[in-house]
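Participant: Got a sequence here, can you build the structure:
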Amino acid sequence: MITASNVTVQFGGRTLFERVNVTFSPGNCYGIIGANGAGKSTFLKVLSGDLDPQKGNISITPGERLSVLKQDHFAYDEYEVVRTVLMGNPRLIEIMEEKDALYAKEDFSEEDGIKAGELEAEFADLDGWNAESDAEFMLNKLGVSDEYHYLKMAELPSDLKVKVLLAQALFGNPDILLLDEPTNHLDLAAISWLENFLLDFPNTVIVVSHDRHFLNKVCTHICDVDYGKITLYTGNYDFWYEYTQMRQRQARDQNKKNEQKIKELQDFINRFSANAAKSKQATSRKKQLDALEMIEMPVSSRRFPYVDFKPDRECGNDLLRVDHLTKTVGDRKVLDDISFVIHPREKVAFVGSDVVAKTTLFKIITGELEPDEGSYKWGVTTSQSYFPSDNSKYFDGVELSLVDWLRQYTTQTLEADIRGWLGRMLFSGDEALKMANVLSGGERVRCMLCKMMLSGANVLILDEPTNHLDLESITALNDGLIRYPETVLFTSHDHQFVQTVADRIIEISGDKYIDRKGTYDEFLATFDEEQLKKY
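Facilitator: Residues are numbered from 1 along each chain as shown. Okay, here's the model as predicted:
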């Protein structure tokens, strides 16, 4: 069990939250939600001991082990992958090293033998004999295949490093598990495995995530970071959302009734306070007026952008034909004889565990890469707008204000018009004059979406657009793509996003190619239980 008592955290004179009192109990999964900058990750750092609060303290039940999903992807570069996972249980690693040192001694004494016996007993209690096989099993389930298990971490691509660090956090049955955005860079199959792992996990889980389906699936409680405090709700994300929306509606309705009542009482008092015959009634109304209170409606840190894509023209009958595309990246063939036809107004999700394959496909059909073999052809009436998974070339080293940055991508020249578009994406006032090269990840994504809205394209191509966005921005983008009347090709690790936008699913992963009409849940329903485990 882990408890926060009277915890207050401030940065630069700004209070993120104050006097937080919350207890996290075994057997529960707590989802930490809130707008970007509200203090979600900061609260996790306080719980883990990486950050000291200005006031209050964190207490953990003595003897319990706390495990944290590490964010430094280079910290373990000198270690093999399996060894990195085992390091998630520091005591197990200590025992292994002590045993190795003892057995390597040339003058092995009776005292050493006794010590070795004690270590062996503790090693067995920690299930040390199965540790490597358990680590390998977990890695495989997360999409890190056998070929990588005994490579150095430095040799792995960044997306696999993320999965290894997640396996490290999960390894060894920790008593308290802290996860900050664990679904980032995971494919949908790996997320599904993680969901089932956490559902079966018997101890305490505290997780920050922007994935609504994930929060609904695993969470028993929601901790809402807003209004400068942290409020605990029982239930998953949908329950929290419906409950808080209902409370806000009730408060607004009650305030409207109170406003009307106040007006009626004030009118009566003004008319009859000087009338002797009505003075007692006026006095009574005055008491009623004094007793009426408006329900306080504090200002939330949550802000919803307005995402709305409008094509300049409809596309014709021919949209996109892909014929026998093949592409090798490095020494690996990521696309192998891929063919398909996209029809007008389809919304197609490309899924599968191979991130490079999906990104490579998008780079080819947008003209950024040439295929090794095969061809593709866009219809003459189509216009495309592309959202890449890596947008660094649009911002790194670009010394322009956001107004001037956006002006590059539109025929609109008036600053007021450009500011209006930026305002839709929450860059109002002086924020529109920020320099493009200092934006956060979420701000960059909102700028790229603004650029796409101005394009007027009738084909949108989006590679993991929900990365770095908060729940409010994801919801706005989700709704915008549902409304969009033309063609969308996209990838996403967000189950709810794929389920609600796509009407066709194409899986490209290694030598696997599956193409089915229907929603994502309908796509998954075509597999039996054993196939889903492999998937």
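Participant: can you tell me how far V20 sits from Q260?
Facilitator: 37 Å (Cβ to Cβ, to the nearest Å). For the C-beta atoms, the positions are set from N, CA and C on the backbone; glycine is no exception.
Participant: For the two, indicate the residue with more neighbours.
Facilitator: V20 (25 against 10; other Cβ atoms under 10 Å).
Participant: Give me the spatial nearest neighbour of Y237, chain neighbours excluded.
Facilitator: Taking Cβ to Cβ, 6 or more residues apart in numbering, and ignoring the residues beside it in sequence, Y237 has L215 as its nearest neighbour in space, at 3.8 Å.
Participant: what's near enough to touch the one you found?
Facilitator: With contacts defined as Cβ atoms under 8 Å, 6 or more residues apart in numbering, L215 is in contact with 31, 33, 207, 209, 222, 236-237.
Participant: Isn't F108 up against L102?
Facilitator: Yes: because the distance of 7.2 Å satisfies Cβ atoms under 8 Å, F108 is recorded as touching L102.
Participant: Between those two, tell me which one has more neighbours.
Facilitator: Neighbours were tallied for F108 and for L102 using other Cβ under 10 Å; the higher tally belongs to L102 (15 against 12).
Participant: check contacts around H210.
Facilitator: H210 makes contacts with 181, 466, 469-471, 474, 494, as judged by Cβ under 8 Å, 6+ apart.
Participant: of all the residues you listed, which comes closest to A131?
Facilitator: Closest to A131 out of the contacts of H210 is E181 (26.6 Å), distances taken as Cβ to Cβ.
Participant: Assign a three-state SS to the residue nearest to G480 when sequence neighbours are not counted, would you?
Facilitator: Residue nearest to G480 in three dimensions, not counting chain neighbours: V307, with 3.4 Å by Cβ to Cβ, 6+ apart. Of the three states, V307 takes coil under DSSP: H, G, I helix; E, B strand; the rest coil.
Participant: One more: H468?
Facilitator: Here H468 takes the coil state, with states given by three-state DSSP.
Participant: what packs against the lengthiest helix in the chain?
Facilitator: As assigned by DSSP state H, the longest helix anywhere in the chain is helix 237-272. Helices and strands in packing contact with helix 237-272 are listed as strand 29-33, helix 212-218, strand 221-226, strand 229-234, helix 279-291; criterion 3 or more Cβ pairs under 8 Å, 6 or more residues apart in numbering; DSSP states H and E.
Participant: Could you double-check that the residue nearest to G480 lies in contact with T475?
Facilitator: No: because the distance of 9.4 Å does not satisfy Cβ under 8 Å, V307 is recorded as not touching T475.
Participant: higher neighbour count, the two?
Facilitator: Here V307 and T475 are compared on neighbour count by other Cβ under 10 Å; more neighbours surround V307, at 24 against 19.
Participant: Return the residues in contact with the more buried one.
Facilitator: With contacts defined as Cβ under 8 Å, 6+ apart, the neighbours of V307 are 424-425, 449, 453, 476-477, 479-480.
Participant: cool, and D187?
Facilitator: The contact partners of D187, by Cβ under 8 Å, 6+ apart, come to 143, 351-355, 493, 509.
Participant: how about the residues you listed in a markdown table, adding neighbour count?
Facilitator: Rendered in a markdown table, the data for the contacts of D187 read as follows (neighbours: other Cβ atoms under 10 Å):
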| residue | neighbour count |
| --- | --- |
| G143 | 20 |
| V351 | 23 |
| G352 | 21 |
| S353 | 21 |
| D354 | 19 |
| V355 | 23 |
| H493 | 22 |
| S509 | 20 |
